[in-house]
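Enquirer: sequence and computational prediction follow.
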Amino acid sequence: MTSVNQVSRKQIASYIAELSEEGLNPSSINRKLSTIQSFFEYLLRNAQIAKNPARLLQRPKSNTKLPSFVRNEGIEKLLSEFEFPQTFEGHRDRLIIIIFYACGLRRDELINLTENSIDFVDSSIKVLGKRNKERVIPVSESLLEQIRDYVKIKENEVVGMCEYLFVTKKGKKLYPTLVYKTVKNYLSQVTSMDKKSPHVLRHTFATHLLNEGANLQSIKELLGHSSLAATQVYTHTSLDKLKEVYLKSHPRKKKTIV
């Protein structure tokens, strides 16, 4: 039996390779490697070994998770065919879905929108993002008209006054769980995908823009990303769309192209 002070870097590397060959995902392998490294660091601090054989081992690269998004037909069905309840909550929830999709907001950004965030003159919405960074998102006249209609309903049916754009029937600011459940409920009407969250609508906003020809820098600014690297993940979903178009359209799709 090998003692701890006889374990070599090569032995640990072989163990990591075996885990990979067995099909264990990279994140699980990295957790195991972290545990091993911490164990040997403990032994090193207590002078039970002369060096940590696992310290400089290269970690397997984690699989990049592509963002989930709703296809165009799903969004079209939800906003054009699905009948929302003719109540204050129904009008509010429909507008929540529309703004998530039309503006690519994060959940907290939507919750913190106030009526003063809407600029009806410049046709834009001012958003307070991460680290209190402001950005301005241009919106269509059609969306502004829907916001006007909602505000009128809000004034007539909501108890009390509240500066926030989206509120409960009692005039209270929305809370994150309510927004999440609202989006999940309505997305369930048009898609069977596992993820049905506000962030999926944010991903849908970015993916649809890219598929329609918007450049990454513009999408970065609209999303409020601090770097272009965070936005580049959407190029993968755009590539999937290109493949789909190719397979449907190319005359030699079923033949070998040489």
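Expert: Done, it's in.
Enquirer: ok, G171 - how many residues close by?
Expert: Residues contacting G171 under the criterion other CB atoms under 10 Å number 14. Every residue, glycine included, has its C-beta placed from N, CA and C.
Enquirer: R135: what secondary structure?
Expert: Here R135 is recorded as strand under DSSP: H, G, I helix; E, B strand; the rest coil.
Enquirer: all helices for the stretch 101-250 of the chain, in order.
Expert: All helices of the stretch 101-250 of the chain, identified by DSSP state H, counting those that start in this stretch, fall at 107-111, 141-157, 176-187, 198-211, 216-223, 228-231, 234-249.
Enquirer: can you give me the angle the fourth one makes with helix 176-187?
Expert: In this case it means helix 198-211. Between helix 198-211 and helix 176-187, the angle comes out at 60 degrees (axes from the mean of the first three to the mean of the last three CA atoms, to 10 degrees).
Enquirer: what's the neighbour count on R202?
Expert: Neighbour tally, R202, other CB under 10 Å: 22.
Enquirer: once you drop chain neighbours, what's closest to it?
Expert: In space, and not counting its chain neighbours, R202 is closest to G104: 5.0 Å by CB to CB, 6 or more residues apart in numbering.
Enquirer: give the contact list for the closest residue to L209 other than its chain neighbours.
Expert: Counting by CB to CB, 6+ apart, the nearest residue to L209 once its immediate chain neighbours are dropped is I219, at 5.5 Å. For I219, the contact set (CB atoms under 8 Å, 6 or more residues apart in numbering) comprises A206, L209, L210, T231, Y234.
Enquirer: my guess is the third one contacts S218. True?
Expert: No: L210 is not in contact with S218 according to CB atoms under 8 Å; the separation is 9.7 Å.
Enquirer: okay, these two: which has more neighbours?
Expert: More crowded of L210 and S218, by other CB under 10 Å: L210, with 20 against 12.
Enquirer: and the pLDDT for the more buried one?
Expert: As predicted, L210 sits at a pLDDT of 88.
Enquirer: pick the most deeply packed of the helices of the stretch 101-250 of the chain.
Expert: A comparison of the helices of the stretch 101-250 of the chain by mean neighbour count, using mean count of other CB atoms under 10 Å, puts helix 198-211 on top with a mean of 22.
Enquirer: and the angle for that one with helix 216-223?
Expert: If you take the same axes, to 10 degrees, helix 198-211 sits at 150 degrees to helix 216-223.
Enquirer: show me what counts as buried in the host helix or strand of K10.
Expert: Element membership for K10 (DSSP states H and E) is helix 9-21. Within helix 9-21, the residues that count as buried by 16 or more other CB atoms under 10 Å are I12, Y15, I16, L19.
Enquirer: after that helix comes which helix or strand?
Expert: Next along from helix 9-21, by DSSP H and E: helix 26-45.
Enquirer: what's the helix or strand just after that next one in contact with?
Expert: Counting by DSSP H and E, the next helix or strand C-terminal to helix 26-45 is helix 72-76. Residues outside helix 72-76 that contact it (CB under 8 Å, 6+ apart): Y101, L187, V190, T191, T204, H208.
Enquirer: tell me the one of those residues nearest S226?
Expert: T204 (21.3 Å; CB to CB).
Enquirer: for that closest one, which non-adjacent residue is spatially closest?
Expert: Take T204 and drop its neighbours on the chain: the residue closest to it by CB to CB, 6+ apart is F69, 4.1 Å away.
Enquirer: and the pLDDT at T64?
Expert: At T64, pLDDT is 61.
Enquirer: swap that for T237, sorry
Expert: 62.
Enquirer: same question, the one 5 residues further on
Expert: At L242 the predicted local distance difference test score is 58.
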